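Student: Pasted the sequence and its predicted model underneath.
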Amino acid sequence: MFPIIGRLRCPICSEPVQPDEKVFFDIINTVMHQKCYYKFPRRLPIKDKGSLQKMLLKYPFFHQEDEED
């Protein structure tokens, strides 16, 4: 359904983000683990928070490629 699952990595720890993990979504649409956000000194304001699954369903640009196929 979402080909990005398993390929999307946290920019701070470089680990893949799993659908059930809690993430922050910042103002430039970066997805990162909530636990990693506070480890990084340069933090952008948060636009949304919750599980990756919630973000995938909420924001249409995550599944635009699926509609084009």
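Tutor: Great, that's in hand. Residues are numbered from 1 along each chain as shown.

Student: Residues touching stretch 38-51, excluding its own?
Tutor: For stretch 38-51, the surrounding residues in contact (Cβ atoms under 8 Å, 6 or more residues apart in numbering) are 12, 19-30, 32, 34, 37, 55, 58. In this view, the C-beta of every residue, glycine as well, is placed from N, C-alpha and C.

Student: Now the residue positioned nearest the centre of the chain. Its backbone dihedrals?
Tutor: Central residue of the chain (Cα atoms, centre = their mean): residue 31, 2.8 Å from the mean position. Taking degrees, to the nearest 10, you get phi -100, psi 130 for the backbone angles of residue 31.

Student: got it, and the one 4 residues further on?
Tutor: When read as degrees, to the nearest 10, the backbone of residue 35 gives phi -70, psi -30.

Student: the strands in the chain, which residues?
Tutor: 22-26, 31-33, 46-51 (DSSP state E).

Student: Quick check: which of those strands is nearest to residue 63?
Tutor: Closest to residue 63 of those, according to Cβ to Cβ: strand 31-33, at 14.1 Å.

Student: Outside of the closest one itself, which residues are in contact with it?
Tutor: 8, 10-13, 15, 17, 21-26, 40, 52, 55.

Student: Repeat the analysis, applying 6 Å as the threshold.
Tutor: Contact with strand 31-33 is made by 10, 11, 12, 23, 24, 25, as judged by Cβ atoms under 6 Å, 6 or more residues apart in numbering.

Student: re earlier: give the PyMOL command for selecting the buried subset of the contacts of stretch 38-51.
Tutor: Here is the PyMOL command that selects the buried residues among those (16 or more other Cβ atoms under 10 Å):
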select buried, resi 21+23+24+25+26+32+37+55
